[in-house]
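> Next comes the sequence, and after it the predicted model I'd like to discuss.
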Amino acid sequence: MKKTIKQPAFSPRKCIACWKCVDACPRNAISKVGILWHRHAKISYSECIGCNICVRTCPRGCFSD
Ligand code: SF4
Ligand code: SF4
């Protein structure tokens, strides 16, 4: 049977740019974008392996599985 991975949904709306997810992602799939107070995380789905560490790490619930 073919294995599929379930990647988390991401919403930057509540992101406070704490970068905990950037540090926690084992694939470096999350990057920092924006300028000054408009900064937020961004997920690259081509790198994401669906481990859901970011879902558990984000204090603002920006990732959901
Ligand atoms: S699910 Fe895992 S690999 Fe994908 S962005 Fe989150 S921490 Fe990174
Ligand atoms: S952990 Fe959550 S609040 Fe912090 S930078 Fe990542 S998405 Fe934003």
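Structure's in. What do you need? Ligands and ions are numbered 1, 2, ... in the order given.

> and residue 41, how far is that from residue 4?
Remark: distance between residue 41 and residue 4 (C-beta to C-beta, to the nearest Å) = 24 Å. Bear in mind the C-beta positions are built from the backbone N, C-alpha and C, glycine included.

> And those two? Which one has more around it.
Taking other C-beta atoms under 10 Å, residue 41 and residue 4 do not tie; residue 41 has more neighbours (25 against 7).

> ok, the helix or strand that contains that one: who's next to it in the sheet?
Using DSSP states H and E, residue 41 sits within strand 40-43. Strand 40-43 sits in its sheet next to strand 30-33 (antiparallel), going by DSSP bridges.

> those helices in this protein, which residues are they?
20-24, 53-57 (DSSP state H).

> Of the ones you listed, which is nearest ligand 1?
Evaluated over these, closeness to ligand 1 peaks at helix 53-57, with 3.3 Å, by C-beta to the nearest ligand atom.

> and that closest one, what other elements does it pack with?
Other helices and strands packing on helix 53-57, by 3 or more C-beta pairs under 8 Å, 6 or more residues apart in numbering; DSSP states H and E, are helix 20-24, strand 63-64.

> Can you add distance to ligand 1 and give those back as CSV?
Shown next, in CSV, are the helices and strands packed on helix 53-57 (distance: least, C-beta to the nearest ligand atom, whole Å):
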stretch, distance to ligand 1
helix 20-24, 6
strand 63-64, 6
